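Student: after the sequence you'll find the predicted model.
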Amino acid sequence: MSTEQQTRKDIIDKALESTGWNITDPTQVILEFDINVDLPEGALT
């Protein structure tokens, strides 16, 4: 299982770069939100 950091590096950052985002420019990202989503009961069984 990959970490969130690895997923961002391998998938998200590449997708952002392909659409023209400069991922090293902190002014292009104003806010980041933690997304906590509860899984439906029994989803992990």
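Tutor: Yep, it's here.

Student: so Leu16 is in contact with Lys9, correct?
Tutor: No. Using Cβ atoms under 8 Å, Leu16 is not in contact with Lys9; the gap is 11.1 Å. Using the backbone N, CA and C atoms, a C-beta is placed for each residue, glycine as well.

Student: what about the protein, any weak spots by pLDDT?
Tutor: For the chain, the stretches with pLDDT under 70 are 1, 29-34, 44-45.

Student: scan it for its longest helix.
Tutor: Criterion DSSP state H: the longest helix present in the chain is helix 13-18.

Student: which residues does that one contact?
Tutor: Identification of contacts with helix 13-18 by Cβ atoms under 8 Å, 6 or more residues apart in numbering yields Ile23.

Student: from the chain's centroid, how far away is it?
Tutor: Put simply, helix 13-18 sits 11 Å off its chain's centre (Cα atoms, centre = their mean, to the nearest Å).

Student: can I get that helix in CSV, CA atoms only?
Tutor: Provided in CSV are the C-alpha atoms of helix 13-18 (Å, rounded to 0.1, in the frame of the first residue of the first chain):
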residue,chain,number,x,y,z
ASP,A,13,1.5,15.9,-9.1
LYS,A,14,2.0,14.4,-12.6
ALA,A,15,-1.7,15.1,-13.5
LEU,A,16,-1.3,18.7,-12.3
GLU,A,17,1.9,19.2,-14.2
SER,A,18,0.3,17.8,-17.4
